[in-house]
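A.B. asks: just the structure for this:
(2 chains)
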Amino acid sequence: MIDLKKEINERIGMDTILGLARKKMVPVHRHSVWYYMGGMLLFLFFIQVVTGPLLLFYYKPSADAAYRSITEIMVKIPYGWLIRSVHHWASNLMIAIAFIHFFSTFLLKAYRRPRELTWLTGMAMFMVVLFLGYSGYTLPFDERSFFALNVGTDMPGTMPVVGQYVVGFLRGGEMVGPQTLNRFFALHVGILPLCLMAVLFVHVVLVQVHGMSVPLSVEKKTALKKEKAIAKPMFPHLLLHDLVNCLILFGVLVTLAVLIPSELGQEIDYLKPAPEGVKPDWFFLWVYQILKWMPTYLFSIEGEIAGIVGLMLVAGFITLVPFFNRKAQRNELSPFFTMVGVISLLAFLALTAVGYFL
Amino acid sequence: MRLRESLLSRRKFFIGSVLGGLSMLVAYVLNPVVRFLFHREKIPLPGAVKVAMSDVEAIAPNSARYFEYGHLPGILLKTERGELRAFSAKCTHLDCTVQYEPESRKFYCACHKGYFDDKGVNIAGPPPSPLLSFGMERQEDGMIISYQGGRKSKG
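C.D. replies: Numbers count the residues shown, from 1 in each chain, chains lettered A, B, ... in the order given. As a prediction, the model looks like this:
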């Protein structure tokens, strides 16, 4: 009789891996709920990697067939509506949880030494995920896709020097046209997921190398009380927690997909004006609102340019925050950066709400 | 009769319920995926197609030309005596498209060297059955070629 467990173990060293996982401890404290976001994101990414290729069985990436193929997926192919809706909602949840993950790590200063690289890879993935979300909703090539493509590919044009090259690269021509769809298709199903996977690998390895970051306030409190920090083994405790989270998340995902299936707008008519109240997806509403509020001229700079350059400076500052926040690097509390985080969070929420309701 | 102790330990019952629930979940997930993937578009063959008389007349004796019968390639043969015969050009072996060889007066499939005679009957090589033949009706402006009037090749 073959001892399957022994045979497998001999080949892939399962015991060593499990032994390491058992030894690996994850700190438990009042902020440890934020540790679960990463696992949830990983799970949603997995859902996308499965449902995306499924959709490719029927989606036709060409300007004259894309819209009709999505219609077919929605009304003709068995469960096509469900698979597309799950893909749609998983992307929305992924972006929402990525925002939570981002704000929680920012506010808890999890980026402090030696985790700067983990932060940088996380920011890179955040941008890729946003771009994936954006490129995804251009693919049905409906009216909304068309105007999203126009506005979105026009914005990089305001960048000095390289702007027009980026616009040309994204559009594949002067204007948004049939060729643009193929570029966004290649980005959405090929280039961006591969980039995401590569950076994800580095990110996850770094998280394993450094272990979970414990917030300074918690570290100081345990030091003050001379208590031993509480921790649970990663396997099986944390893993089971993660599994339960994913199960709940999956339930939420399917419920949303069934009750609010993803929509398909009007077919593109190049000669029709932009429809009333056309807006980007929720995760870009804050950018939309800022650009809408920008005056024509701000200190003699064109409003649009001022807005976009301003946003890029903010993004740059946030990306490089581990190097600006000297106090956190010395393991001291840094209330200024906490305030920056809280204000950014409130501004993000308020702008999104205003953009949505007004 | 009451058992003194349960045949199932609490642990076994618990693990069984969890695994049972999970396998139901897997089934619920797989069902839509499998149904989605195995959807087959049924494109019915047209009842009949028309080949223009000018095209028919252009065929030299002892030669053939292809025509479209829906998504199926058809082949229209004019024999030495001027008799017209229409077949599906799909080889009955593995669906390659056959060609007419005037020298040997046979249909030939290049994929696996299958031969059919000029009546579409499989005579050499791997093809298991004759070519599907179509019925024909002469009209003023063309030949009406129909599936119904023909002979089935398989089954």
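
A.B. asks: spell out which parts of chain A neighbour chain B.
C.D. replies: A:54, A:57, A:77, A:78, A:79, A:80, A:82, A:83 (Cβ under 8 Å from any Cβ of the partner chain). Using the backbone N, CA and C atoms, a C-beta is placed for each residue, glycine as well.

A.B. asks: backbone dihedrals for the residue of chain B found nearest chain A, please?
C.D. replies: Using Cβ to the nearest Cβ, residue B:32 is the residue of chain B that sits closest to chain A, at 3.6 Å. Main-chain torsions, residue B:32, degrees, to the nearest 10: phi -60, psi -40.

A.B. asks: all the strands of the chain, residue numbers only.
C.D. replies: Defaulting to chain A. For chain A, strands defined by DSSP state E occupy the ranges A:25-27, A:231-233, A:297-298, A:301-302.

A.B. asks: sorry, I should have been clearer: chain B.
C.D. replies: With DSSP E as the criterion, chain B has strands spanning B:48-52, B:63-69, B:72-78, B:84-88, B:99-101, B:106-109, B:114-117, B:122-124, B:133-138, B:142-151.

A.B. asks: point out the most buried one among the strands of chain A.
C.D. replies: strand A:25-27 (a mean of 17; mean count of other Cβ atoms under 10 Å in any protein chain shown).

A.B. asks: and it, which strands flank it?
C.D. replies: strand A:231-233 (antiparallel) (DSSP bridges).

A.B. asks: ok, the residue lying closest to residue A:122 once chain neighbours are set aside - how many residues close by?
C.D. replies: Among residues not flanking residue A:122 along the chain, residue A:203 sits closest, at 6.1 Å (Cβ to Cβ, 6 or more residues apart in numbering or on different chains). For residue A:203, the count of nearby residues is 21 (other Cβ atoms under 10 Å in any protein chain shown).

A.B. asks: can you get me a residue count around whatever residue of chain A ends up closest to chain B?
C.D. replies: Chain B sits closest to residue A:79 of chain A, with a gap of 3.6 Å, by Cβ to the nearest Cβ. For residue A:79, the count of nearby residues is 19 (other Cβ under 10 Å).

A.B. asks: show me what contacts it?
C.D. replies: Residues near residue A:79 by Cβ atoms under 8 Å, 6 or more residues apart in numbering or on different chains: B:31, B:32, B:33, B:35, B:36.

A.B. asks: out of those residues, which is most surrounded?
C.D. replies: Highest count within the contacts of residue A:79 by other Cβ under 10 Å belongs to residue B:36, 22 neighbours.

A.B. asks: same list, the strands of chain A, but as TSV with mean pLDDT and distance to residue B:60 please.
C.D. replies: TSV is the format used below for those (pLDDT from 0 to 100; distance: least, Cβ to Cβ, whole Å):
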stretch	mean pLDDT	distance to residue B:60
strand A:25-27	87	83
strand A:231-233	86	85
strand A:297-298	79	79
strand A:301-302	80	74
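
A.B. asks: the ones you listed: which one's closest to residue A:274?
C.D. replies: strand A:301-302 (21.1 Å; Cβ to Cβ).

A.B. asks: just to revisit the earlier point, select, from the residues of chain A next to chain B, the two members most distant in space.
C.D. replies: Using Cβ to Cβ, the pair of the residues of chain A next to chain B lying farthest apart is A:57 and A:82, separated by 14.0 Å.

A.B. asks: okay, these two: which has more neighbours?
C.D. replies: residue A:82 (19 against 13).

A.B. asks: that one contacts residue A:258, correct?
C.D. replies: Yes: using Cβ atoms under 8 Å, residue A:82 makes contact with residue A:258 at a distance of 7.0 Å.

A.B. asks: excluding sequence neighbours, find me the nearest residue to the residue of chain B closest to chain A.
C.D. replies: residue A:79 (3.6 Å).

A.B. asks: where does the one you found land on pLDDT?
C.D. replies: The model reports residue A:79 with a pLDDT of 96.

A.B. asks: what distance do you get for it to residue A:103?
C.D. replies: Counting by Cβ to Cβ, to the nearest Å, the gap from residue A:79 to residue A:103 is 35 Å.

A.B. asks: tell me where the stretch 201-350 of chain A has helices.
C.D. replies: A:216-225, A:239-259, A:285-293, A:303-319, A:321-324, A:326-329, A:335-357 (DSSP state H, counting those that start in this stretch).
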